[in-house]
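# Got a predicted structure here, sequence first:
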Amino acid sequence: MRNNTLFEQLSGGWWTLPCGGLNLISDVPGVTVGHATMLDGTARTGVTAIRPHAGNLFTNKVEAGVAVLNGFGKSVGLVQLEELGQLETPILLSNTFAMPVCTTTLIKRAIDENLKIGRGLPTVNAVALECNDGQLNDIQAFHVTEELARVALDTTGVEFALGSIGAGTGMKSFGYAGGIGSASRLVEIGDDRFTLGALVLSNYGAQSEFRFCGKKLSANSDHTQSPDKGSIIIVLATDAPLDARQLKRVAKRSGAALGRTGSYLGNGSGDIAVAFSTSGPLGTRLDETLLDGLFLAAVEATEEAILSAMWHGVSRKGYDGLVLPSLYEKLQKGEI
């Protein structure tokens, strides 16, 4: 169990908005997350699934928007998501070479629930997003299978683990173990209270630039040794009634969180944010003048999600002997 007291000491006074009960994306009602992890042989990889709700997404779509902050990535489904502003499958996160398997799994699952997809009904737009875990995982071995992806989909829940697990198993952030992180924020708008939650697959950043709640924490001050490359996938969920265009605006704000952690979105970093609303029905929306609180929530929840991914990251030896250090262990030992 990680010492959250130390986390609170390092982050004390940094946040403006209160967090939800679990401080996870699943504080948004209906949202669940599941992991499947593979650590056999040369595998240091896995899959993470995000469900906006427990129902049939193909027949009960949710409003969604996407912001491609830097397009160095190989994700699936973003073109139609951008065009139509609707999410109609769960979101799967995994490594770069697992995108075909994750896409096939999502399509087959949708067909199981809607037998006429492609035969009288339109085809389905599966959404799968990736980061490259090839520093620890033997990515050429194609370890991720449809069975592994199905496990992630079948085991989603409100409570879930963070750090080096699921899609985050082999990820690296700012030179340390990265992975899956999550956080949430509560926003008061008039007489209503809304929740915005973030989940990240964090695999980006130059160690020399890393900042923990504004504090520069680095064992490496040589800018030439550690370029800002990798990737980060950001998934934002909210129960606020926003349309697809507004959700795109919210998604864009997550880029400010990357700057707050010390990233300049380097040439080799693929940085993508997807935001969706569970409020339904489609087409409902808040007035534009009321969005600032949600913009701030997107920044804070994303920043804390990134830090939580690193805080819970586990030092692990890669398939070729490379060992990523744990930020938590380094801090505990006073080495940074």
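Arrived safely.
# Which secondary structure elements does whatever helix or strand residue 331 lives in sit against?
Using DSSP states H and E, residue 331 falls within helix 327-332. Contacts defined by 3 or more C-beta pairs under 8 Å, 6 or more residues apart in numbering; DSSP states H and E place helix 327-332 against helix 4-11, strand 176-177, helix 292-311. In short, each C-beta sits where N, CA and C put it, glycine included.
# quick one: which of these is nearest residue 330?
With C-beta to C-beta, the closest approach to residue 330 among those belongs to strand 176-177: 7.3 Å.
# And the average pLDDT for that closest one is what?
Across strand 176-177, pLDDT averages out at 96.
# Who are the packing partners of it?
Using 3+ C-beta pairs under 8 Å, 6+ apart: strand 176-177 touches helix 327-332.
# what's the helix it packs on in contact with?
2-3, 6, 10, 174, 176-177, 217, 219, 310-313, 315, 336 (C-beta atoms under 8 Å, 6 or more residues apart in numbering).
# okay, who's weakest in these by pLDDT?
For the contacts of helix 327-332, the pLDDT minimum is residue 219, 56.
# per-residue pLDDT, the residue nearest to the spatial centre of the chain?
For the chain, residue 200 is the residue whose C-alpha lies nearest the centre (C-alpha atoms, centre = their mean; 2.3 Å). Listed pLDDT for residue 200 reads 98.
# And for the one 10 residues further on?
What the model reports as pLDDT for residue 210 is 94.
# for it, what are its contacts?
174-175, 216-218, 261-262.
# again, only this time at 7 Å
174, 217-218, 261-262 (C-beta atoms under 7 Å, 6 or more residues apart in numbering).
# Using neighbour counts, trim these to the buried set.
Buried members of the contacts of residue 210, counted by 16 or more other C-beta atoms under 10 Å: 174, 217-218, 261-262.
# before we move on, the earlier item: so for the helix holding residue 331, what gets flagged as buried?
327-328, 331.
# Can you tell me which of the buried ones among the contacts of residue 210 comes closest to residue 69?
For the buried ones among the contacts of residue 210, the nearest to residue 69 is residue 261 (13.3 Å; C-beta to C-beta).
# What pLDDT is listed against that closest one?
Reported pLDDT for residue 261: 96.
# Residue 5 too?
For residue 5, the model assigns a pLDDT of 81.
# Repeat that for residue 281.
Value for residue 281, per-residue pLDDT: 70.
# what does residue 238 give?
Reading off the model, residue 238 has pLDDT 98.
# hey, what's it bridged with?
residue 196, residue 277 (DSSP bridges).
# Thought residue 194 was touching it, still the case?
Yes - the criterion here is C-beta atoms under 7 Å, and residue 238 meets it with residue 194 at 6.2 Å.
# Compare these two and say which is more crowded by neighbours.
Counted by other C-beta atoms under 10 Å, residue 238 and residue 194 do not tie: residue 238 has more neighbours, with 30 against 22.
# In contact with the more buried one, which residues?
28, 194-196, 277, 294.
# ok, back up a step: helices and strands around the helix or strand containing the residue nearest to the centre of the chain, which ones?
For residue 200, the host element (DSSP H and E) is strand 192-203. In this structure, strand 192-203 packs against strand 172-173, strand 179-189, strand 230-238, helix 292-311, with contacts taken as 3 or more C-beta pairs under 7 Å, 6 or more residues apart in numbering; DSSP states H and E.
# redo that, cut-off 6 Å
Packing partners of strand 192-203 (3 or more C-beta pairs under 6 Å, 6 or more residues apart in numbering; DSSP states H and E): strand 179-189, strand 230-238, helix 292-311.
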